[in-house]
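Colleague: The following comprises the amino acid sequence and a computationally predicted model.
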Amino acid sequence: MTHYRDLALCRYGSDALDADAWRVPLLAIGWLEFPFPYRLGRVPPDFRSRLDALVGEARRHSYGYHHLGFHTCSWCVVTLRTPPEQPWSQDSLWVPGNGVVYVAPVGIPHYVAAHGYRPPTEFIEAVMRCPEYGSIPYEAALTEANGGVVPPLLAGGWAAAVRESADSVSFEELQSARSGISDYLAQHPEAEDTADGVEQCWLAGFARRPAVERALEALVKHGLVRVSVREDGSRVYSSARQSPPH
C-alpha cells in the first residue's frame with residue numbers, strides 16, 4: 001500500500017481517490033506502512049466500535065474506488081505478528097468532515113487495535129458524528145462537506161452504474177424525491193396518501209416510483225414521515241408532525 005502521512009492530500013489515482021477531483025481537501029488518514037513512523041496513543045472509548053461499524057458498512061456499500069490490490073500489514077510482518085487475512089483490504093472508507101473529506105483504507109481498525117495507532121483528533125470527531133454509511137444522510141453529509149457539490153465518489157460513472165443496477169435509483173433522483181416530499185409536507189402538513197398518491201399528486205409525477213419508495217422509506221426511518229397501514233393493507237404516509245391517529 002502507498003504511504004501517506006496523516007492529513008496529507010490523497011492522490012492515489014485519477015478518479016475519486018485524487019484530491020484534485022474534489023472541491024475541498026481530500027485528506028489521507030491511516031495509510032500506514034513500515035518504516036514510516038505514526039502517532040501512538042489511546043482513542044476515546046466509543047471510537048473503535050464506531051469505526052468498526054463504519055468499516056463494515058463501507059465494505060457492504062463499496063462505491064468501487066479501490067486501493068490497488070490486496071494489502072498485507074507491513075507492521076505485522078516487521079514485528080513478527082501474523083497479519084490478519086484481509087481479502088477486502090483494497091476498499092476505502094470515506095468520512096465527511098468540516099470542509100474536508102477523509103479517506104482511509106478499511107484496514108484502519110487493525111492499526112488502531114493491534115498497533116496502537118491514534119488517528120488525528122479531527123478524524124476521530126468526524127467518525128463519531130458520521131451518519132450511517134451509505135445512507136441518504138451519509139451521502140448528503142458527504143455532498144455538504146464537498147461544498148454542496150455532489151462529490152466524485154457519488155457522481156462517478158462506475159459508482160452510479162453500481163447503484164442503478166442494484167436498485168434502479170440514482171443518488172440525484174433519490175435526493176430530488178426526498179426534497180419534493182419534504183417540501184410538499186411543509187406546505188400541506190395535514191396531507192396523507194399512499195405511495196401512488198405521493199408519486200402522482202405530491203410530486204406531480206416528476207419522480208419515478210422506485211425513487212419515491214426509497215425516499216419514503218428513508219424519511220420514515222429518520223422520523224420525518226409516519227406510515228400507517230389501513231384495513232385493506234395499503235400503506236399511508238403523512239407528516240410525522242401530525243398527531244398520530246387514534
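Modeller: Done, it's in.
Colleague: so how far is stretch 203-222 from its chain's centroid?
Modeller: Relative to the mean C-alpha coordinate of its chain, stretch 203-222 is positioned 19 Å out (C-alpha atoms, centre = their mean, to the nearest Å).
Colleague: One more: stretch 174-187?
Modeller: The answer for stretch 174-187 is 21 Å, by C-alpha atoms, centre = their mean.
Colleague: Could you pull up the mean pLDDT of it?
Modeller: Stretch 174-187 shows a mean pLDDT of 90.
Colleague: buried ones in it?
Modeller: Neighbour counts over stretch 174-187 (16 or more other C-beta atoms under 10 Å) mark L174, Q175, S176, A177, R178, G180, I181, Y184, L185 as buried. Backbone N, C-alpha and C define where each C-beta goes, glycine included.
Colleague: wait, isn't the last one in contact with A215?
Modeller: In this case it means L185. No. Taking contacts as C-beta atoms under 8 Å, L185 lies outside contact range of A215: 11.8 Å.
Colleague: Kindly reformat the buried residues of stretch 174-187 as a markdown table containing secondary structure and distance to V220.
Modeller: Formatted as a markdown table, those follow (DSSP: H, G, I helix; E, B strand; the rest coil; distance: C-beta to C-beta, whole Å):
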| residue | secondary structure | distance to V220 |
| --- | --- | --- |
| L174 | helix | 14 |
| Q175 | helix | 17 |
| S176 | helix | 18 |
| A177 | helix | 13 |
| R178 | helix | 11 |
| G180 | helix | 16 |
| I181 | helix | 11 |
| Y184 | helix | 15 |
| L185 | helix | 12 |
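Colleague: H3 versus P83, what's the distance?
Modeller: 17 Å (C-beta to C-beta, to the nearest Å).
Colleague: pLDDT below threshold where in this protein?
Modeller: Applying pLDDT under 70 to the chain picks out residues 1, 61-71, 85-90, 156-169, 242-246.
Colleague: try 50 this time
Modeller: 87-88, 158, 161-162, 164-166, 246 (pLDDT under 50).
Colleague: right, and out of the buried residues of stretch 174-187, which lies closest to A141?
Modeller: Q175 (12.3 Å; C-beta to C-beta).
Colleague: what sits against that closest one?
Modeller: Going by C-beta atoms under 8 Å, 6 or more residues apart in numbering, Q175 touches I136, E139, A140.
Colleague: Walking through the chain, point out its strands one by one.
Modeller: 26-28, 92-96, 101-105, 192-193, 225-229, 235-239 (DSSP state E).
Colleague: so what secondary structure elements neighbour the first one?
Modeller: Helices and strands touching strand 26-28, by 3 or more C-beta pairs under 8 Å, 6 or more residues apart in numbering; DSSP states H and E, are strand 101-105.
Colleague: For the strand it packs on, which helices and strands make contact with it?
Modeller: Using 3+ C-beta pairs under 8 Å, 6+ apart, strand 101-105 sits against strand 26-28, strand 92-96, helix 121-129.
Colleague: of all the strands of the chain, which lies closest to D52?
Modeller: D52 sits nearest to strand 92-96 of all those, at 10.9 Å, using C-beta to C-beta.
Colleague: Off-centre distance for stretch 118-125?
Modeller: For stretch 118-125, the distance to the chain centre is 18 Å (C-alpha atoms, centre = their mean).
Colleague: My error: substitute stretch 32-45 in the last question.
Modeller: Taking mean C-alpha positions (C-alpha atoms, centre = their mean), stretch 32-45 and its chain are 24 Å apart.
Colleague: So what touches it?
Modeller: With C-beta under 8 Å, 6+ apart as the criterion, stretch 32-45 contacts 1-3, 5-6, 74-75, 77-78, 111-112, 115-120, 124, 128.
Colleague: Let's see that with 10 Å instead.
Modeller: 1-6, 30-31, 50-51, 71, 73-79, 105, 107-108, 110-113, 115-121, 124-125, 127-128 (C-beta atoms under 10 Å, 6 or more residues apart in numbering).
Colleague: mind listing which of these are in helices?
Modeller: Mapping the contacts of stretch 32-45 onto helices (DSSP state H) picks out 50-51, 74-78, 108, 110-113, 115, 121, 124-125, 127-128.
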